[in-house]
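Asks: Just to be clear, the model below is a prediction. Sequence and coordinates:
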Amino acid sequence: MENLIIQNLHAVRTKNPLVHNITNFVVMNNTANALLAIGASPVMIHAHKEVENIVKISNALVINIGTLDDYWAESMLIAAKKADQLNKPWVLDPVGAGISTFRNELIKELLRYHPTVIRGNASEILALDTFEAVQGKGVDSTHQSNQAIKAAHNLNQKIGSVVCISGASDFIVSNNPIIEIKNGHELMTKVTGLGCSATASIGAFIGLNKNPFLETVSGMAIFSLAGELAQKKSNGPGTLQMNLYDTLYHISAEEIQTNLKISVYED
């Protein structure tokens, strides 16, 4: 598995996939910088008159519903519909799923356009499975990631999406097998938007458009490992963010082989 992840990272750095982000305005800068550091090329466009054109030329689409309003919601629907029509890979980050009717109704509409990948914390994935309010704290999860594995399976069976559950351990769920990644560090939760950047990392890798399950594993593994390695040379959240970009940019095959903690479970 490590060798495949290394190969996919090399492919991203070589191909420089264009990743179209309609994301929340709290994390736009962070997301763009993370994509550049990985080796992808970000574009941040949400104007109704542009999004279809940008989807056409992009290798992947990332939709993050963190800061919603009516205009942005419509932008997301236009882009997701076009990605589905063109069979372009796209990832949905259902930030705050379950906290409002408006948010839940938008998610229902977006799921009609068959996201290639859904990435969220455990509370968000549980909410998506039922479209009921699941206990959470804003955009933070109050559940452990392994508590959402059944819900992730349900979503995969109903929609066909690869489902990535983030947390202390990250789980990537498809038909079979289940992948668990045990990298990352608690300090990452003290920097706003790193989960959103992880979603964008997945977007870069699914832009390779070969095997979305393994590309999702690769994107999440690289980002989580980079966060863990960056923490070792950081004094707090501020230096972590700076060091994370540098680590994403420099991360090597040797570091991946030595430090990646990944398990494969047959369902």
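Replies: Everything's here; your move.

Asks: how about residue 30, what does it touch?
Replies: Residues in contact with residue 30 (C-beta atoms under 8 Å, 6 or more residues apart in numbering) are 192-194, 196-197, 241. Any C-beta I mention is one placed from the backbone N, CA and C, and that applies to glycine too.

Asks: same check, this time on residue 126
Replies: Counted by C-beta under 8 Å, 6+ apart, residue 126 has contacts 98, 134, 143, 147-148, 151.

Asks: can I assume it sits in a strand?
Replies: No - membership of residue 126 in a strand is not supported by DSSP: H, G, I helix; E, B strand; the rest coil, which gives helix.

Asks: In terms of pLDDT, where does it sit?
Replies: Here the pLDDT value assigned to residue 126 is 94.

Asks: Does residue 265 touch residue 177 like I think?
Replies: Yes - counting by C-beta atoms under 8 Å, residue 265 touches residue 177, with 5.6 Å between them.

Asks: which of these two has more neighbours?
Replies: residue 177 (14 against 11; other C-beta atoms under 10 Å).

Asks: just for this protein, where's the confidence low?
Replies: By pLDDT under 70, the low-scoring segments of the chain are 132-142, 267.

Asks: for residue 175, helix, strand, or coil?
Replies: coil.

Asks: With residue 179 instead?
Replies: Residue 179 - assigned by three-state DSSP - is strand.

Asks: Contacts only, for the nearest residue to it once chain neighbours are set aside.
Replies: Spatial nearest neighbour of residue 179, chain neighbours left out: residue 172 (4.4 Å); criterion: C-beta to C-beta, 6 or more residues apart in numbering. Counting by C-beta under 8 Å, 6+ apart, residue 172 touches 162-165, 178-179, 181, 213, 216-217, 220.

Asks: Keep only those of those that are in strands.
Replies: Here DSSP state E is the test, and these give 162-165, 178-179, 181 as lying in strands.

Asks: mind listing the helices in the protein by residue range?
Replies: Here the chain has its helices, by DSSP state H, at 2-15, 28-38, 51-57, 70-86, 101-111, 122-130, 149-159, 194-206, 212-231, 237-250, 253-259.

Asks: how about the second one: buried residues?
Replies: Right, helix 28-38. 28, 30-38 (16 or more other C-beta atoms under 10 Å).

Asks: Report the distance from that helix to the chain centre.
Replies: Offset of helix 28-38 from its chain centre (C-alpha atoms, centre = their mean, to the nearest Å): 13 Å.

Asks: Touching, residue 114 and residue 159? I think so.
Replies: Yes - if you go by C-beta under 8 Å, residue 114 and residue 159 touch, sitting 6.4 Å apart.

Asks: burial count for the nearest residue to residue 52 once chain neighbours are set aside?
Replies: Nearest non-adjacent residue to residue 52, counting by C-beta to C-beta, 6+ apart: residue 82, 4.7 Å away. Residue 82 has 19 neighbours, counted by other C-beta under 10 Å.

Asks: Equivalent analysis for the one 3 residues further on, please.
Replies: The burial count assigned to residue 85 is 12, neighbours taken as other C-beta under 10 Å.
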